[in-house]
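**Student:** could you look at this predicted model? Sequence included:
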Amino acid sequence: MAPTAFRLILVLVALYAFLRGGRDEQRVGVICLIGTFATQFVLSPLNQRFEGIEERALAVDVAVFAGFLAVALRSNRFWPLWVAGLQLTTIMGHFLKGVDSALLPRAYGAALTFWAYPIVIILAIGTWRSHRRSRQNLAADG
């Protein structure tokens, strides 16, 4: 999927999380948005991208992981733990490039971007379930 299409989907899912989700969904949505857009500003120029460890992208990825982990540790839902785990997998892509500097830039780039897609899907599903749960609770109370 093209980066522009991913960003559009991310914005729509984050908006959905903000409008229909609970605190966990809203926080993860904001973290996703900030992390995605911050990464765009810290990546190396296109002709040098992923040739070596993207240290500033690593810093963003670690900060995003810390945010996801904070949500997961406070949440009474399981899905934020999946999101934090997938972000940790993204961080491992940086580690692999450090271990094997000959890792192809394209493979390194794919390792850093791949897990963003399931994270957004999990956020959308978590928001849908949270909204459904709150509607059921309202119906039961009313």
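**Tutor:** Here it is on my side, so go on.

**Student:** now residue 65: closest residue in space that isn't a chain neighbour?
**Tutor:** Counting by Cβ to Cβ, 6 or more residues apart in numbering, residue 65 lies nearest to residue 87, which is 4.4 Å off, once chain neighbours are set aside. Where you see a C-beta, it was placed from the backbone N, CA and C, and this is true even at glycine.

**Student:** so what pLDDT did the one you found get?
**Tutor:** Residue 87 carries a pLDDT value of 98.

**Student:** what does the one 5 residues further on give?
**Tutor:** You'll see residue 92 listed with a pLDDT of 96.

**Student:** for residue 22, same thing?
**Tutor:** 95.

**Student:** show me the contacts for it.
**Tutor:** 130, 134 (Cβ atoms under 8 Å, 6 or more residues apart in numbering).

**Student:** now stretch 100-111: average pLDDT?
**Tutor:** For stretch 100-111, mean pLDDT is 90.

**Student:** start and end of it, how far apart?
**Tutor:** 14 Å (Cα to Cα, to the nearest Å).

**Student:** next, the buried residues of that stretch.
**Tutor:** 103, 108, 109, 111 (16 or more other Cβ atoms under 10 Å).

**Student:** now do it: everything it contacts.
**Tutor:** 49, 50, 51, 52, 90, 92, 93, 96, 97.
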